[in-house]
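[1] quick one: sequence and predicted model below, then my questions.
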Amino acid sequence: MSLRLGSIQCDDGANILFSKMKGATKTTDELKHFWNERAVIEEQYAKSLAALAKLPLGGEEIGDLRNSIDALRRETENQAAYHNQLASVVRSALGNPTSSMHAKQVDHRRTAQAAVEKKFKAKQTQESYVAKAKEKYDADCRRIQSYTQQCASAQGKDLERAQMKLHRAQQTVHANEMDFEHFTQGLLDMMPGWEEDWKDFCDSCQDLEEDRLEFMKDTLWTYANEVSTLCVNDDMSCENIRTVLDQLEAERDIENFVVKYGTGNIISDPAAFVPFRDGIAPPEPRLVKRPAMFTRVTRRAVPPYPINADANVPQHPPSPTESSANKAIWAQEPTQPPVATQPLFQSHQRNINNSPPRPNGIAGAPPDIDPPSPPPQAPPPTQGNSNRVSAPLPTPVNHSSEEQPPIPTPPQATEATETGGILFYGKIHRDQGGS
C-alpha cells in the first residue's frame, strides 16, 4: 500500500501528512525522555536498595534467624544490582536507539520535508494567481455580455454609450485573458515537477513511518522482556529468602541459644545474715545450691485455627447455637487448673549427659529429679442429652416425677501439672428448671 495524499484542487492532504510527520517526531522525542526518566528511577531505586542492604540488621542474632536476616540483606543487594542492570539496559538498548530514530526523523524533516514544503507554498501561490486572474476574466466576460445585450436593445445616445462601454470592456478583457492564460500555463508547467516531488516525499514518509512503527514495536517488546526478567530475578531472590526461612524453627533456635550460652540450672541461695559478736569475725557462710524446677507457663495466644489443620477440610463458621454455647462454657469456672509446659531452657538441661555443671558454664541436669506425675482424672459420663454443649448429666434412676435428679459434683482443682497439650476449660451446668 502506498501513501497518496493531496491534489490540484485540494491541498488538505499535504497539510495532513506534514502534521502526521511532526506528531511522529514528537512521539519519538517523548519516548526518548521516557526512557531517560525510567533509567533515572531505576538508578535511584538501586542506590536506595544498596544503602538499605548496608544498614545494621540482626547483628546480635544467632542460628537460623541470623541466616534468614543475612539472606534478606544479601538478596536486597542482589535486587539493587538487578535494578541497576535494568537502568543500564534502558539507557543503552532503548534510549540510544530511540535517540537515533529521533535524529533520523529530524533530518528527514530538515531535508525532504522542508524542500517539499517550499514547493508546496510556491504551488499555492501560483494557484492563488490563477484564481485571481480567472475571477477578473470572468467578471470582464459578464460585463461584455451585458453591454452586448444593451447595444441590441438601445437606440440613439443610449446605444452610443453602450457601445463605448463595450469597447473598453473588450480591451480590458484582452489583458486579463492574457494574465489568466499566463498564470494557468505557469501552474501547468509546475505541476509535473510538484507531482514527482510529492510522490517521492510520500514514499519517503511511508518508509520512515514503517521503520518507526517496527522500531517502536521492537523497543517496547524489549522493554517488556527486560522488566519481566527483572521480576523473575526479584522472585528468585524472594524464593531464596523463603528457602532459608524454611529452615527456621523457633524451638530449635531457642535450643541452640541454650546450648551456646547456657549457664546452668543451679540456683545459689543468698548468704544468711550472721552478726558480728564479741569481737570474733563471723564464719564464712556455706553456699547453698538447689536445682531450678520452674514450670514453663506460656501466655501466647492460641491461634483461631489449628496450624496443622487439613487444608482439604472446609472451615465452616459456627452456628448461632454453637457460638452461644461456647460463650457459656468459657464464662464458667474451670474444672481443671491451667496446664503448664516444661520450659525449654530447663528441659534442655536434663538431656546434657546427666552431668553436673561444667566449668565452662554449660549446665548439666539435676541428679535424678523427675517432674511429678499428673493426678488421675475422673472418667466422663457415658450417657447424656444430645443438646448439651458440655459433658452430659447421668440419667436419673428410680426417681419419681416430683423429685429432681442429683447434680454431679465437678472434680476439685488440683495443682498445676506439666503437659504439652492445649487446655480447654468447661464446667457441667444444668438449670434447676429442667434437663
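    Great, that's in hand. Numbering: from 1, shown residues only.
[2] quick one: residue 284 is in a strand?
    No - applying DSSP: H, G, I helix; E, B strand; the rest coil, one finds residue 284 to be coil, outside a strand.
[3] could you check how far it is from residue 68?
    Applying Cβ to Cβ, to the nearest Å, the value for residue 284 to residue 68 is 50 Å. C-betas here are computed from N, CA, C, even on glycine.
[4] higher neighbour count, the two?
    Taking other Cβ atoms under 10 Å, residue 284 and residue 68 do not tie; residue 68 has more neighbours (20 against 8).
[5] correct me, but that one touches residue 244?
    Yes - judged on Cβ atoms under 8 Å, residue 68 makes contact with residue 244 at a distance of 5.0 Å.
[6] need the helices for this structure, in chain order.
    12-53, 63-89, 96-108, 114-153, 157-245, 250-261, 320-331, 344-347 (DSSP state H).
[7] and those helices: which comes nearest residue 290?
    Closest approach to residue 290 among these is made by helix 344-347 (13.2 Å; Cβ to Cβ).
[8] pLDDT at residue 367, what is it?
    Looking at residue 367, its pLDDT stands at 40.
[9] do you know which of the helices of the chain lies nearest residue 297?
    Using Cβ to Cβ, the nearest of these to residue 297 is helix 344-347, at 12.2 Å.
[10] residue ranges in the stretch 101-250 of the chain under the pLDDT threshold?
    Counting by pLDDT under 70, the stretch 101-250 of the chain has low-confidence residues at 154-155.
[11] and the stretch 251-400 of the chain, by the same measure?
    302-400.
[12] could you redo the last one with a cut-off of 90?
    Within the stretch 251-400 of the chain, the stretches with pLDDT under 90 are 251-252, 254-400.
[13] mind exporting stretch 132-141 as CSV, just the C-alpha atoms?
    Extracted in CSV, the C-alpha atoms of stretch 132-141 (Å, rounded to 0.1, in the frame of the first residue of the first chain):
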residue,chain,number,x,y,z
LYS,A,132,-7.5,35.9,-9.1
ALA,A,133,-6.9,36.1,-12.9
LYS,A,134,-9.8,33.8,-13.5
GLU,A,135,-12.0,35.9,-11.3
LYS,A,136,-11.1,39.1,-13.2
TYR,A,137,-11.5,37.4,-16.6
ASP,A,138,-14.9,36.0,-15.6
ALA,A,139,-16.1,39.5,-14.5
ASP,A,140,-15.0,41.0,-17.8
CYS,A,141,-16.8,38.3,-19.7
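[14] mind listing what's buried along it?
    Buried positions in stretch 132-141, judged by neighbour count with 16 or more other Cβ atoms under 10 Å: 133, 136, 137, 140.
[15] right, and the third one touches residue 173 too?
    Yes - taking Cβ under 8 Å as the contact criterion, residue 137 and residue 173 are neighbours in contact, 6.7 Å apart.
[16] excluding chain neighbours, what is closest to residue 126?
    Computed as Cβ to Cβ, 6 or more residues apart in numbering, the closest residue to residue 126 that is not its neighbour in sequence is residue 187, at 4.7 Å.
[17] about what we covered before: could the helices of the chain be laid out in a markdown table, adding distance to residue 295?
    Output for the helices of the chain, formatted as a markdown table (distance: least, Cβ to Cβ, whole Å):
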| stretch | distance to residue 295 |
| --- | --- |
| helix 12-53 | 44 |
| helix 63-89 | 26 |
| helix 96-108 | 72 |
| helix 114-153 | 94 |
| helix 157-245 | 32 |
| helix 250-261 | 17 |
| helix 320-331 | 24 |
| helix 344-347 | 9 |
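[18] ok, residue 71 to residue 280 distance?
    Distance, residue 71 to residue 280, using Cβ to Cβ: 66 Å.
[19] higher neighbour count, the two?
    Between residue 71 and residue 280, counting by other Cβ under 10 Å, residue 71 is the more crowded of the two (18 against 7).
[20] report the separation between the residue nearest to residue 126 and residue 129.
    From residue 187 to residue 129 the distance is 8 Å (Cβ to Cβ).
[21] can you check residue 251 too?
    100 Å.
[22] these two - which one has more neighbours?
    When residue 251 and residue 129 are compared for neighbours, residue 129 comes out ahead with 16 against 9, by other Cβ under 10 Å.
[23] how about the nearest residue to the more buried one, chain neighbours excluded?
    Nearest residue to residue 129, sequence neighbours excluded (Cβ to Cβ, 6+ apart): residue 183, at 4.4 Å.
[24] what do you get for residue 93?
    residue 222 (6.1 Å).
[25] my read is that that neighbour contacts residue 90, right?
    No - contact between residue 222 and residue 90 fails when scored by Cβ under 8 Å: they sit 9.5 Å apart.
[26] those two - which one has more neighbours?
    Neighbour count, other Cβ under 10 Å: between residue 222 and residue 90, residue 90 has more, with 25 against 15.
[27] residues contacting the more buried one?
    By Cβ atoms under 8 Å, 6 or more residues apart in numbering, the residues touching residue 90 are 35, 38, 39, 42, 223, 226.
[28] select from those the one having the most neighbours.
    Going by other Cβ under 10 Å, residue 42 tops these with 22 neighbours.
[29] for it, what are its contacts?
    Applying Cβ under 8 Å, 6+ apart, the residues near residue 42 are 83, 84, 86, 87, 90.
[30] contact partners for the residue lying closest to it once chain neighbours are set aside?
    Excluding its sequence neighbours, the residue lying closest to residue 42 (Cβ to Cβ, 6+ apart) is residue 87, at 3.7 Å. Residue 87 sits next to 38, 39, 40, 42, 43, 46 when contact means Cβ under 8 Å, 6+ apart.
[31] can you redo those as a markdown table with distance to residue 100?
    As requested, the contacts of residue 87 are arranged in a markdown table below (distance: Cβ to Cβ, whole Å):
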| residue | distance to residue 100 |
| --- | --- |
| 38 | 18 |
| 39 | 16 |
| 40 | 20 |
| 42 | 22 |
| 43 | 22 |
| 46 | 26 |
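[32] out of these, the closest to residue 293 would be?
    Nearest to residue 293, judged by Cβ to Cβ, of those is residue 46 at 56.4 Å.
[33] my read: that closest one touches residue 80, true?
    Yes - judged on Cβ under 8 Å, residue 46 makes contact with residue 80 at a distance of 4.7 Å.
[34] and the closest residue to residue 272 other than its chain neighbours, how far from residue 278?
    Setting aside the residues directly before and after it, residue 272 is nearest to residue 285 in space (Cβ to Cβ, 6+ apart), at 5.4 Å. According to Cβ to Cβ, residue 285 stands 18 Å off from residue 278.
[35] which of the two has more neighbours?
    Between residue 285 and residue 278, residue 285 has the larger neighbour count (other Cβ under 10 Å), namely 12 against 4.
[36] gap between that one and residue 85?
    From residue 285 to residue 85 the distance is 71 Å (Cβ to Cβ).
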